[in-house]
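Asks: Sequence isn't available, so here's the structure alone:
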């Protein structure tokens, strides 16, 4: 009898452990929720809206907004907030949609705006917007336009990040060089970078002047600021642009900055040793780099004496943005719309600016922000006047070229042919 | 009497049936696990290999395309590239790791002081999680990394190993030596099973240690070698994690391993059908090579028990 009992109970324990193993997976899917234990029981009639975004679990602005909303809203909505840290965001988003339900509201980077619409993951918000008199509509027109894909408002932009030039003032002072100004050309930048680059007696480098990184947006911004691009403005023609000899020459000059004999920039191998460009600048190992507004807070927190400047040349620059979309499979578009409104509201923008240093999305907010903004960040804000749409957002062809950029740049860096040959081949492969 | 026997028999069958039921209850979690997590996905991937499916758009968009995915393999340059990289890796790494681990096992089989500590030290790297060790090796292979600092002592200027298309694959192969501990332990146990009498007899017959090793030790541990080679063939063709973390297939696709390409196809390009076809081709390749090793074993693997038959 005892044997039977023991055998039966062990069998049950085994089955239970297997089921628990499966159960854990489900729990993991909703990990990071900020609503733990607060509403699940009393939400009886409440509508659950699942929201996701990337970032660390400390996304302070979103967390604060959602916690307050969950505690106080009179619309019977309960937000389940799911933050995906690291690089796994795209995978999480796609698996959630492939399983059939997906998220009710999700954040997307501007580079993926076209992709998610093409795959039918977004729910256009035009009707919801038109029927809602309470929608503030304070977001600047250009940003609203950014979220308008194929003639439909598929995204509402929640943050914008122009790309500008960051520089280390202490290093400039020590080398006795004038800070970058609005008249700077790329030749001026290279000349300053040469002075800031210090080589040790053993051939290693003590510091570099500039980071000629292969990150697509930095290189494309460089090309734009020289008046060059991979395709025309409306994204219909690449022939004559992508294979333009001027583009090939400019790219070779750009990547030559990270090569001997006139090396002024770390190569990607050096970054493995030194860490990221931001940490190099913090340690006075790097004079200048091109990046977005997200670097303001780390530089400030590190206590570094930094400054921002317009991109040399004609100052044209890419503007990055993140926008919230309603998931196509949502069962409650109205409730999801309420949540999108909350996350893109002027209050949300203000909170992001206060807690995360992200630029406001409304014109009024921007004007107000300019009055109080740190002098060091002025150029970052002024860059918005020179903002151009990343090629990935212009058309399907642009999106295709965008996917090829890292391969193009890698091949140029590793000399897998001349830049002209590589660009010609890329153009041919697109055809 | 007869009745009694039948009653006893039926009692036994009932008891046996009950016991069987418990047996099934015990193995059920594993049978279910195998069914849910292995068999069903395998069948699903076989179906997918003749379909086109963008995973993001949900199950409703699966479309039958016949053998299109397999035809595409013949014109896909990345498929060819990934096969070359993987074969090159297997061709070098399988014999290289076997020789190294057998060499270490031979050293660790000697009778010297502190041998247990040495065995522990040589095995330790194998228990370090792969991701942690790849992080360490990324630093070691840097342009100013430990390896180049060591080479500098001999006046050699080493490259940025992982950032050079000519050296990246070899860097990964070198790194793999770090993880030979498991193979080494199996060799060690094999070596300890070689009878000392045989070696002594050989020595009396005038065999030197070189001859003893090749004529006595190697044949005696050939079943161990066989097992290790089969396992190495399977795991080498499935090489993924280190390349995924350290090089992402670059530079210039010089470390684009087959599995990495499969993963990119499935989860970056969302082409599940084509990825499933790639997976089945890999399955076939591994099966062919494993069968080749198994078939060849009759020529070079010696089982002591065979003599007794």
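Replies: Done, it's in. Bear in mind the structure is a predicted one, so any value in this text is a computation, not a measurement.

Asks: quick one: the nearest residue to residue A:227 once chain neighbours are set aside and residue A:223, what's the gap?
Replies: The shortest distance from residue A:227 to any non-neighbouring residue, by Cβ to Cβ, 6 or more residues apart in numbering or on different chains, is to residue A:314 (5.9 Å). Just so you know, the C-beta spots here come from the backbone N, C-alpha and C atoms, and that holds for glycine as well. The gap separating residue A:314 from residue A:223 is 11 Å, by Cβ to Cβ, to the nearest Å.

Asks: before we move on, what SS does the residue nearest to residue A:227 have?
Replies: coil (DSSP: H, G, I helix; E, B strand; the rest coil).

Asks: does it really touch residue A:228, like I thought?
Replies: No - under the criterion of Cβ atoms under 8 Å, residue A:314 makes no contact with residue A:228, lying 10.3 Å away.

Asks: Which one's more surrounded, these two?
Replies: Remark: of residue A:314 and residue A:228, residue A:228 carries more neighbours, 18 against 13, as counted by other Cβ atoms under 10 Å in any protein chain shown.

Asks: Just say helix, strand or coil for the residue of chain A found nearest chain B.
Replies: Of all residues in chain A, the one sitting closest to chain B is residue A:269 (3.2 Å; Cβ to the nearest Cβ). Under three-state DSSP, the three-state class of residue A:269 is helix.

Asks: how close does it sit to residue A:256?
Replies: 16 Å.

Asks: List the buried residues of the one helix or strand residue B:286 maps to.
Replies: Assigned by DSSP states H and E, residue B:286 belongs to helix B:272-300. For helix B:272-300, the neighbour count (16 or more other Cβ atoms under 10 Å in any protein chain shown) marks B:272-282, B:285-286, B:289-290, B:293, B:297 as buried.

Asks: same thing with stretch A:195-210?
Replies: A:196-197, A:205, A:207-210.

Asks: For chain B, tell me which of those residues show up nearby.
Replies: Among the buried residues of stretch A:195-210, proximity to chain B is found for none (Cβ under 8 Å from any Cβ of the partner chain).

Asks: By pLDDT, rank the residues you listed and give me the bottom one.
Replies: By pLDDT, residue A:205 ranks lowest within these, coming in at 88.

Asks: That residue bridge partners, please.
Replies: Residue A:205 forms beta bridges with residue A:199, as assigned by DSSP bridges.

Asks: so what's it up against?
Replies: Neighbouring residues of residue A:205 by Cβ atoms under 8 Å, 6 or more residues apart in numbering or on different chains: A:197-199, A:263, A:266, A:270.

Asks: Check residue B:254 too.
Replies: Taking Cβ under 8 Å, 6+ apart, one finds B:85, B:165-166, B:168-169, B:247 in contact with residue B:254.

Asks: From those, list the buried ones, please.
Replies: B:85, B:165, B:168-169, B:247.

Asks: What distance do you get for residue B:210 to residue B:216?
Replies: 11 Å.

Asks: So which of the two has more stuff around it?
Replies: Taking neighbours as other Cβ under 10 Å, residue B:210 and residue B:216 compare with residue B:216 leading, 18 against 8.

Asks: Can you give the domain ranges for chain B?
Replies: Each domain of chain B is listed here as a residue range: B:2-48, B:68-308, per automatic domain parsing.

Asks: Name the surrounding residues that touch stretch B:54-63.
Replies: Contact partners of stretch B:54-63, identified using Cβ under 8 Å, 6+ apart, comprise A:94-95, A:97-100, A:119-121, B:48, B:51-53, B:266-267, B:270-273.

Asks: These, buried ones only, as a PyMOL selection?
Replies: Per 16+ other Cβ under 10 Å, the buried members of these correspond to this PyMOL selection:
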select buried, (chain A and resi 94+97+98+119+121) or (chain B and resi 48+51+52+53+266+267+270+271+272+273)
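
Asks: residues from the stretch 51-200 of chain A in reach of chain B?
Replies: Proximity of the stretch 51-200 of chain A to chain B is confined to A:91, A:94-95, A:97-100, A:119-121 under the rule Cβ under 8 Å from any Cβ.

Asks: In helices, which of the residues you listed appear?
Replies: A:91, A:94-95, A:97-98 (DSSP state H).

Asks: Tell me which two of those residues sit farthest apart.
Replies: Spatial extent of those (Cβ to Cβ) is set by the pair A:91 and A:97 at 11.1 Å.

Asks: Next step: the contacts of residue B:254 restricted to strands.
Replies: Per DSSP state E, strands hold no members of the contacts of residue B:254.

Asks: Turn the residues you listed into JSON lines, including distance to residue B:188 and pLDDT.
Replies: Shown next, in JSON lines, are these (distance: Cβ to Cβ, whole Å; pLDDT from 0 to 100):
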{"residue": "B:85", "distance to residue B:188": "32", "pLDDT": "96"}
{"residue": "B:165", "distance to residue B:188": "37", "pLDDT": "91"}
{"residue": "B:166", "distance to residue B:188": "36", "pLDDT": "92"}
{"residue": "B:168", "distance to residue B:188": "32", "pLDDT": "94"}
{"residue": "B:169", "distance to residue B:188": "29", "pLDDT": "95"}
{"residue": "B:247", "distance to residue B:188": "32", "pLDDT": "89"}
